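Trainee: just coords:
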């Protein structure tokens, strides 16, 4: 089962500070953090990387421990250090963070964060000034800096304790989080017999301290129903070489569907003379599937049967529909 990763940046902007002196400027440096959350129940090894956008270059960013194991339902915070060489042109830039499972193909579990912006300022090299002017200016900067820091220094917001959300509906969980200054993140549906559409797991444990405004992802327990098949009609006879498009009614809370098709094969030397063989099994996102596989074969009776199973956001299956059959009168070559 593919891990459902969630990734968020701690801030929407990274501030850079120019190092060095006016005569010998150094690189612009800064730091930012990303939080990755394993929304699944099983521990997985995450791979994190920076995805540079317009104006950014990947060598500017150094990731602290880009690979790490994250237990199911828990989060990890990664520190990224930024160093922009002095020769880089001034201007805005943006980046995103990407996370995926180390032991699967990246495209199966890859998730991107929102954009984090920044700006590289222009470098202006000052000509040497009389030493006494520099001393006075430095002293003035120190005095003003100390006064400004004492008066205007930002106060770190107090962390917020995450409330317990188990047993709450999605709207009740949203309200409970809003009541303490937090917000509801991604709400994924998981099929669980006997569930009543309430929270069965939260990504951040109850009582854990988080910054105000943080989002908390949850899993909602739902009960998927067996799909109701609609077309073609059960037992229909279809003329022509083209297999029909299969259709079924949408199942509430289903994210995908598994389509299983079997073809009847008959032989005068076997006992019993006819049996069904698997034609195909495929996952689809909508409520239709083209009849490209599972056609009647040369020498067979022409009967095809199929079933549909609803899947949740984690691709866990619900109950399977009854068999549904149709007969192709004109057999395929």
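Mentor: Here it is on my side, so go on. Every value quoted in this text rests on a predicted model; they were computed, and no experiment measured them.
Trainee: distance of the residue lying closest to residue 158 once chain neighbours are set aside from residue 15?
Mentor: Setting aside the residues directly before and after it, residue 158 is nearest to residue 212 in space (C-beta to C-beta, 6 or more residues apart in numbering), at 7.7 Å. C-beta: built from backbone N, CA, C; applies to glycine. When C-beta to C-beta, to the nearest Å is applied, the distance between residue 212 and residue 15 equals 20 Å.
Trainee: Likewise for residue 308?
Mentor: In this structure, residue 308 lies at 53 Å from residue 15, with C-beta to C-beta as the measure.
Trainee: What of residue 289?
Mentor: As for residue 289, its distance to residue 15 is 51 Å (criterion: C-beta to C-beta).
Trainee: shouldn't the residue nearest to residue 158 be in contact with residue 177?
Mentor: No - contact status for residue 212 versus residue 177: not in contact, 11.1 Å apart, counting by C-beta atoms under 8 Å.
Trainee: Comparing the two, which shows the higher neighbour count?
Mentor: Looking at residue 212 and residue 177 with other C-beta atoms under 10 Å, you find the greater number of neighbours at residue 177, namely 23 against 12.
Trainee: so the more buried one, which of the three states?
Mentor: The assignment at residue 177 comes out as helix when based on DSSP: H, G, I helix; E, B strand; the rest coil.
Trainee: from here on, count from 47
Mentor: From this message on, residue numbering opens at 47, which makes the last subject residue 223.
Trainee: didn't it look like it was pressed against residue 262?
Mentor: Yes - shown here, residue 223 and residue 262 form a contact pair, counting by C-beta under 8 Å, at 5.9 Å.
Trainee: Next, show the common contact partners of the two.
Mentor: Here residue 223 and residue 262 share the contacting residues 208, 211, 229-230, scored by C-beta atoms under 8 Å, 6 or more residues apart in numbering.
Trainee: okay, and for the stretch 197-346 of the chain, where does confidence drop off?
Mentor: When the per-residue scores of the stretch 197-346 of the chain are filtered using pLDDT under 70, the ranges that remain are 199-200, 286-289, 337-346.
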